[in-house]
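# let's see this in three dimensions:
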Amino acid sequence: MEDDTHIAFSDVTVRYGNDIALDNISLTIPRNQIFGIIGPANSGKTTLLTCINRTLELEPTASLQGTVTVAGQDVMKLRDVYKLRRRVGMVFPLPVGLPMSVYENVAYAPRMAGLHDKDTLDELVHKCLQQAMLWDEVKDRMNMLGTKLSGGQQQRLTIARALSLTQDARPDNTGPEILCLDEFSIAIDPVTTMKIEDVLLELKQNMTIILVTNLVQQAHRLADTTAFLNDSQLIEVGETEKIFSAPDHKMTLDYVTGDFG
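Residues are numbered from 1 along each chain as shown. Sure, this is the predicted structure:
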């Protein structure tokens with residue numbers, strides 16, 4: 001039987017200076033799933049994401065021991081870190097808009113990856129903005145600075161930008177194989193959040209999605225597999241229904257039922 005592991009952490013410990021952020025973590029993330037990561041604040045959830053595309057290296061005090069692999073490749077041994085980051089789309093809790101137009105926010109990465117045909121770019125920008133549930137609100141303001149949008153709109157623009165390499169974005173028709181979402185809905189209203197959740201369920205057919213969320217019911221709705229972290233440690237990981245109905249650890253049950261956290 002073919003191994004469906006897409007991402008693997010093996011004995012991974014991450015420190016910021018002397019402080020441990022991840023303590024000897026080992027887990028596997030299957031391909032073409034939504035993988036939920038839940039846990040209290042400062043449990044190591046965001047740090048886990050930054051290991052995958054090596055943005056952890058942007059923190060000067062950070063150090064990593066152990067191995068992280070993507071599609072069987074040790075990410076720390078990859079020479080082209082920028083190529084790795086093109087494979088891993090990342091959406092952070094607060095919107096980070098580029099100081100350029102709405103259109104260019106979405107078109108920038110595909111253009112840098114070699115896509116220059118205007119009609120194809122136009123189609124891609126349209127599609128990504130629709131997927132992020134933003135098109136109707138910005139279709140007449142494509143030349144406006146993205147940073148002038150509201151907070152919720154900027155977050156959806158960030159999602160559109162992360163999606164901009166998903167399909168037909170590069171000459172070889174490849175795009176990010178992994179989409180990491182770190183509290184993507186923190187600045188978005190509930191109705192729009194639910195619409196984007198529907199999009200994510202469709203996108204997992206073509207990519208692996210890692211969803212860090214403090215909204216445990218969001219993980220329950222979306223995730224195929226869920227990992228629970230607390231105090232830098234992996235408490236348990238398993239099928240989402242089991243995690244929420246019959247977890248192996250009482251701490252997990254207490255967290256998903258709201259008794260602590």
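# quick check, Asp122 in a strand?
No. Using DSSP: H, G, I helix; E, B strand; the rest coil, the assignment for Asp122 is helix, not a strand.
# burial check on it, number of neighbours?
13 (other CB atoms under 10 Å). C-betas here are computed from N, CA, C, even on glycine.
# I'd like to know how far it sits from Gly151.
Distance of Asp122 to Gly151, computed by CB to CB, to the nearest Å: 27 Å.
# likewise for Glu137?
Separation of Glu137 from Gly151 (CB to CB): 13 Å.
# which one's more surrounded, the two?
The neighbour count for Glu137 versus Gly151, taken as other CB under 10 Å, is higher for Glu137 (16 against 12).
# residues in contact with Trp104?
Careful, residue 104 is Glu; it's not Trp. Glu104 is in contact with Leu98, Gly146, counting by CB atoms under 8 Å, 6 or more residues apart in numbering.
# the stretch 51-200 of the chain: helices as residue ranges?
Secondary structure of the stretch 51-200 of the chain (DSSP state H, counting those that start in this stretch): helices at 81-87, 102-112, 118-131, 135-138, 151-163, 190-203.
# let's have these in a markdown table, adding mean pLDDT and distance to Thr225.
Output for these, formatted as a markdown table (pLDDT from 0 to 100; distance: least, CB to CB, whole Å):
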| stretch | mean pLDDT | distance to Thr225 |
| --- | --- | --- |
| helix 81-87 | 85 | 21 |
| helix 102-112 | 91 | 28 |
| helix 118-131 | 92 | 23 |
| helix 135-138 | 96 | 31 |
| helix 151-163 | 87 | 21 |
| helix 190-203 | 87 | 14 |
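# out of the ones you listed, flag the one nearest Leu48.
helix 81-87 (15.9 Å; CB to CB).
# give me the helices and strands touching the closest one, please.
Using 3 or more CB pairs under 8 Å, 6 or more residues apart in numbering; DSSP states H and E, no helix or strand is in contact with helix 81-87.
# residues of it that come out buried?
Burial within helix 81-87, assessed by neighbour count using 16 or more other CB atoms under 10 Å, is assigned to Leu84, Arg85, Arg86, Arg87.
# separation between the first one and Lys204?
Read it as Leu84. 21 Å.
# picking up where we left off before, and Thr240, which of the helices of the stretch 51-200 of the chain is closest to it?
Relative to Thr240, the nearest member of these by CB to CB is helix 190-203, separated by 13.1 Å.
# and the next element down the chain from the closest one?
Downstream of helix 190-203, the next assigned helix or strand under DSSP states H and E is strand 208-212.
# can you state the direction angle for that next one and helix 190-203?
Relative orientation of strand 208-212 versus helix 190-203 (axes from the mean of the first three to the mean of the last three CA atoms, to 10 degrees): 150 degrees.
# what about strand 208-212, average pLDDT?
Regarding strand 208-212, the rounded mean pLDDT is 96.
# show me what the helix or strand following that strand is packed up against.
For strand 208-212, the succeeding helix or strand toward the C-terminus, using DSSP H and E, is helix 216-222. In terms of contacts (3+ CB pairs under 8 Å, 6+ apart), helix 216-222 is packed against strand 34-38, helix 190-203, strand 208-212, helix 240-245, helix 250-256.
# residues contacting helix 216-222, please?
If you take CB under 8 Å, 6+ apart as the criterion, helix 216-222 is touched by 34, 36-38, 185, 193, 197, 200-201, 211, 213, 226, 240, 244, 255-256, 258.
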